[in-house]
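>>> quick one, structure for this:
(2 chains)
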There are 2 protein chains.
Amino acid sequence: MADVDEMPVAGNGLLNRRLFLQAGAAGTAALLTAQASAQDQPIWMRAPGAGMSESGTPSKYESELYRRAIASQPGTTGAGVSRTPLEHLDGIITPSRLHFERHHSGIPDIDPDRHRLIIHGLVERPLSFSMDALARYPTVSRIQFLECSGNSGGMLAAEPAQSSCAELHGLVSASEWGGIPLSALLAETGVKANARWIVASGADAAKMSRSVPIDKIMDDAIVALYQNGEPLRPSNGYPMRLFLPGWEGNMSVKWLHTIKVVDQPAMTKDETAKYSDLQDNGELQLFTFPMGVKSVITSPSPGLNLGRAGVYRISGIAWSGAGKIRRVEVSADSGNSWADAALDEHVLPECLTRFRSAWRWNGGPAVILSRAIDEAGNVQPTRAAALQGRAVGTFYHYNGIQAWQVNSDGKVNNVYA
Amino acid sequence: MADVDEMPVAGNGLLNRRLFLQAGAAGTAALLTAQASAQDQPIWMRAPGAGMSESGTPSKYESELYRRAIASQPGTTGAGVSRTPLEHLDGIITPSRLHFERHHSGIPDIDPDRHRLIIHGLVERPLSFSMDALARYPTVSRIQFLECSGNSGGMLAAEPAQSSCAELHGLVSASEWGGIPLSALLAETGVKANARWIVASGADAAKMSRSVPIDKIMDDAIVALYQNGEPLRPSNGYPMRLFLPGWEGNMSVKWLHTIKVVDQPAMTKDETAKYSDLQDNGELQLFTFPMGVKSVITSPSPGLNLGRAGVYRISGIAWSGAGKIRRVEVSADSGNSWADAALDEHVLPECLTRFRSAWRWNGGPAVILSRAIDEAGNVQPTRAAALQGRAVGTFYHYNGIQAWQVNSDGKVNNVYA
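Numbering: from 1, shown residues only, chains lettered A, B, ... in the order given. Here you go, the predicted model:
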């Protein structure tokens, strides 16, 4: 009875990605013997439901749809992170209310009528833009990921942290970002011949400040006003943020207030003391801009336990700061053999790409992994390779392969493999 | 000083779509003369902001980000509509909480553990699928529009209704829809040789029932479980709905409960008494499946008034049940001349496509319109053409061109042009 789609394509039960196995799944659907009688019908089929509302909400049965691991540094207000619950999501869009956050001095409550974007420095005409003024400029929108450079830093621990996928990797999200190409505003101010960088600063009390090469600014940087169709939320930079596709998250300065055009990087605290990588030879690696090629299996993952043996859906996300994802490979035998995963229809540049594989779990222990390759040919490294050359205690820009161990009881945990 | 981008490309101030006019916009940005002193800084730049949260919220300054025109029919619970506030959104994604709704007996409160999807009729093996069983099947996700067949019905009024864009056209939204191809589940049940249609029914008290040709089911129908990355919301069919890309919204049956495979359409009340179009010759047009090619300018539109004369962004959405949008044309002189609008980067099949034009408003009265053309060559009709052949009082499946009149005082209103 087995057709081509039921043939294993890699070790320990990985099936052809063209179609999930049907016979294996059939065991879990009940054969229908008789129609339920009317009095067996649940209340929701017999009585009218709730009325209309101005704003929809998630189901009360989906109690996990909240951000994990809200942390604050002692003695501060609003310094911390909240992580996207990756293991409870599917597809590529992150709902705005679940987008990860990393703030250094909380979320400012900015009145848009009093906020200005100021462009000055090596320009012909320093200008101050109100929200009304910005309404006159062209806009674009694109669906792209944003990742904190500290995402997955927990993987640097000597022993594998027994944490959820969100707790380990939930500082990445994807949205449709809409706004004004910064090049259009710089065309308005004019840029002097010796302009090489800009320094972007935010209007919060922490005043995040980052230097960005002007080539990136002219290429695809936007002043983002919209996220997933609606105006930005305060936690993501309302009324405006810089957005730099594919580059480390903190450079996409939230609550964008000033852009100073300069001839060299400003070497701010946010790019020297922080977000730089100390090497084991004592050198400091500065300015790691694009995020590395990366992937993680979101299901199964810790907390999403398997039931009895049989066919399961392996699902995950892959992304790269260097462009589109070309391929994702999945292994169910600790990396001894690999099979291509199916990529979802939307494979977009600098965006999360959803991948899926079919896996017949035999009920025994297994280690599952994913490995992403981007269109530039970059291959996601093993954990060992990702650690190579780093000084002890550094944790930015980690993009190593994640291994999940599936145990005989169906529970899943983090392992270094 | 004028470069090629400043040359009008159609009457009454439509500018080249490649770039919005810079000189015209500059008048609204203030020349920067001195830096603000520290004590002038607003509180949000001087003190820490709000802390972290489990779930983000919109800005309190964005008071319009709610659904409009919540209506209930007298004597019923939850029969009505809520409309997407199109004029306050940008891009193509509709935030899930703002997705339009149309219910006939309210929103059922379904316990997913007690819900089943039953496939029966002309099948080899009638099967009942629990949520757990469905977790074994392949999934896909795609960003696509959903439109109520009654959307824009207000345009059939003899005199132009003085309503907002949302009130007139807000029964269309777009989301990333994720779920299981229904063809995979039908492969599991087997389908008999004489199967031609399916009848899908919902688990709410209204029990919406629609017949769908089996070719569409096998082509691209999914049992949707996810919307914009998260599990469906109750108002959009939790725990599952049928999703039929490009076809009239009510056929994408929410709270999907049974699929009966049949050899002919069931002629349910929902496809004969409703959602059918009486012609002026007395014939009843049944089964209008794909939604027609359509567009609307969302900004400027009623309620979004213009300030002083100058360059403005014209922005809108276009969509077609027949595939991708090929082109959108915009006119600023009542349809006497037209210019191509710029289409945003993501032009996806059966999806909203964002278009934008630059317009130098001279401060006088003007009528602005948009006209969409899809990849099948269908051209959005004028209002007169869209009314041709309809019986009086019918209002489904209207896709005529929308004209907005901009008055000298900057106010915008609905006109028939």
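>>> A:I93 is in contact with A:D344, correct?
No - contact status for A:D344 versus A:I93: not in contact, 11.4 Å apart, counting by CB atoms under 8 Å. All C-beta atoms are positioned from the backbone trio N, CA, C, and that covers glycine.
>>> looking at these two, which is more packed in?
Between A:D344 and A:I93, counted using other CB atoms under 10 Å in any protein chain shown, A:I93 has the larger neighbour count: 29 against 22.
>>> wait, a helix at that one?
No - counting by DSSP: H, G, I helix; E, B strand; the rest coil, A:I93 is not found in a helix; it is coil.
>>> tell me the pLDDT at it?
According to the per-residue confidence, A:I93 scores 97 in pLDDT.
>>> what do you get for A:A206?
Value for A:A206, per-residue pLDDT: 87.
>>> residue contacts, it?
Contact analysis of A:A206 by CB atoms under 8 Å, 6 or more residues apart in numbering or on different chains lists A:H103, A:H104, A:S105.
>>> if you set the cut-off to 7 Å instead, what comes out?
A:H104, A:S105 (CB atoms under 7 Å, 6 or more residues apart in numbering or on different chains).
>>> so where does it fall, helix or strand?
According to DSSP states H and E, A:A206 maps onto no helix or strand at all.
>>> what does A:S295 give?
Here A:S295 is assigned to strand A:294-299, by DSSP H and E.
>>> would you mark the buried spots in the helix or strand that that strand is followed by?
Reading on from strand A:294-299 to the C-terminus, the next helix or strand found by DSSP H and E is strand A:310-319. Judged by neighbour count using 16 or more other CB atoms under 10 Å in any protein chain shown, the buried positions of strand A:310-319 are A:G310, A:V311, A:Y312, A:R313, A:I314, A:S315, A:G316, A:I317, A:A318, A:W319.
>>> and chain B, is the strand holding A:S295 touching that?
No - using CB under 7 Å from any CB of the partner chain, strand A:294-299 stays clear of chain B, with a minimum separation of 8.8 Å.
>>> report the angle between the axes of that strand and strand A:310-319?
150 degrees (axes from the mean of the first three to the mean of the last three CA atoms, to 10 degrees).
>>> now strand A:294-299: buried residues?
For strand A:294-299, burial by neighbour count (16+ other CB under 10 Å) applies to A:K294, A:S295, A:V296, A:I297, A:T298, A:S299.
>>> closest one to A:S164 out of these, please.
A:T298 (10.1 Å; CB to CB).
>>> what's that closest one in contact with, if anything?
A:L86, A:E87, A:C165, A:S315, A:G316, A:I317.
>>> try it again at 8 Å.
A:T298 neighbours (CB under 8 Å, 6+ apart): A:L86, A:E87, A:L89, A:C165, A:S315, A:G316, A:I317.
>>> pLDDT for these - can I get that in CSV?
Formatted as CSV, these follow (pLDDT from 0 to 100):
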residue, pLDDT
A:L86, 96
A:E87, 96
A:L89, 96
A:C165, 97
A:S315, 97
A:G316, 98
A:I317, 98
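>>> of those, closest to B:I180?
For these, the nearest to B:I180 is A:S315 (12.3 Å; CB to CB).
>>> I figured that closest one hits A:S301, correct?
No - contact criterion CB under 8 Å: A:S315 and A:S301 do not qualify, at 9.5 Å.
>>> isn't there a strand covering A:M52?
No - checked against three-state DSSP, A:M52 lies outside a strand; its state is coil.
>>> do I have it right that it meets B:V81?
Yes - in this structure A:M52 lies within contact range of B:V81 using CB under 8 Å: 7.3 Å.
>>> how about the residues of the stretch 251-400 of chain A near chain B?
Residues of the stretch 251-400 of chain A lying near chain B by CB under 8 Å from any CB of the partner chain: A:255, A:257, A:307, A:310-313, A:315, A:342, A:344-346, A:348, A:354, A:356, A:358.
>>> and if we set it to 7 Å?
Checking the stretch 251-400 of chain A against chain B by CB under 7 Å from any CB, the hits are A:G307, A:G310, A:V311, A:Y312, A:R313, A:D344, A:E345, A:H346, A:R354, A:R356, A:A358.
>>> quick revisit: mutual contacts of A:M52 and B:V81, please.
In contact with both A:M52 and B:V81: B:E101, using CB under 7 Å, 6+ apart.
>>> lowest-scoring secondary structure element of chain A by mean pLDDT?
helix A:22-26 (a mean of 45; mean pLDDT, DSSP states H and E).
>>> wait, what's in contact with the closest residue in space to A:Q402 that isn't next to it in sequence?
With sequence-adjacent residues excluded and distances taken as CB to CB, 6 or more residues apart in numbering or on different chains, A:Q402 is closest to A:V296, at 4.8 Å. For A:V296, the contact set (CB under 7 Å, 6+ apart) comprises A:C165, A:H169, A:G316, A:I317, A:S370, A:Q402.
>>> partner residues bridging A:V296?
A:I317 (DSSP bridges).
>>> distance of it relative to chain B?
Using CB to the nearest CB, to the nearest Å, one gets 15 Å for the distance from A:V296 to chain B.
>>> got it, and A:P290?
In terms of CB to the nearest CB, A:P290 sits 19 Å off from chain B.
>>> touching, that residue and A:L244? I think so.
No - using CB atoms under 7 Å, A:P290 is not in contact with A:L244, being 9.3 Å away.
>>> read off the pLDDT value for A:R125.
Taking A:R125 on its own, its pLDDT is 94.
>>> swap in the one 5 residues further on?
A:S130 carries a pLDDT score of 94 in this model.
>>> give the buried residues for stretch A:277-293.
Quick answer for stretch A:277-293 (16+ other CB under 10 Å): A:D277, A:T288, A:P290, A:M291, A:G292, A:V293.
>>> which residues sit against it?
Defining contact as CB under 7 Å, 6+ apart, one finds that stretch A:277-293 is touched by A:147, A:246-248, A:271, A:276, A:320-322, A:372-374, A:378-380, A:389-391, A:394, A:396-397, A:399.
>>> okay, and which of the residues you listed map to strands?
If you go by DSSP state E, those have A:E147, A:A372, A:I373, A:D374 in strands.
>>> which pair in those residues spans the largest distance?
So, the ones in strands among the contacts of stretch A:277-293 by CB to CB: farthest apart are A:E147 and A:I373, at 17.7 Å.
>>> okay, these two: which has more neighbours?
Using other CB under 10 Å as the criterion, A:E147 and A:I373 rank with A:E147 on top: 25 against 19.
>>> pLDDT below threshold where in chain A?
A:1-7, A:16-29, A:31-39, A:68-77 (pLDDT under 70).
>>> 90 instead, please
When residues are selected by pLDDT under 90, those of chain A lie in A:1-81, A:103-106, A:135-136, A:205-208, A:269-278, A:280, A:282, A:284-287, A:392-395, A:417.
>>> the residue nearest to the spatial centre of it pairs with what?
In chain A, the C-alpha nearest the mean C-alpha coordinate belongs to A:V172, at 2.2 Å (CA atoms, centre = their mean). On the basis of DSSP bridges, A:V172 is bridged to A:E147.
>>> equivalent analysis for A:E230, please.
A:Q227.
>>> the stretch 1-150 of chain A: strands as residue ranges?
A:8-10, A:14-15, A:30-31, A:80-82, A:101-103, A:117-121, A:127-129, A:140-147 (DSSP state E, counting those that start in this stretch).
>>> nearest to A:G13, of the buried residues of strand A:294-299?
For those, the nearest to A:G13 is A:I297 (14.6 Å; CB to CB).
>>> thought the closest one was touching A:Y312?
No - the criterion here is CB under 7 Å, and A:I297 misses it with A:Y312 at 11.1 Å.
>>> next, the buried residues of the strand or helix carrying A:S201.
Using DSSP H and E, A:S201 sits in strand A:197-202. Buried residues in strand A:197-202, defined by neighbour count with 16+ other CB under 10 Å: A:W197, A:I198, A:V199, A:A200, A:S201, A:G202.
>>> rebuild those as CSV, extending it with distance to B:N336.
Listed next are the buried residues of strand A:197-202 as CSV, based on distance: CB to CB, whole Å:
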residue, distance to B:N336
A:W197, 48
A:I198, 44
A:V199, 48
A:A200, 44
A:S201, 48
A:G202, 47
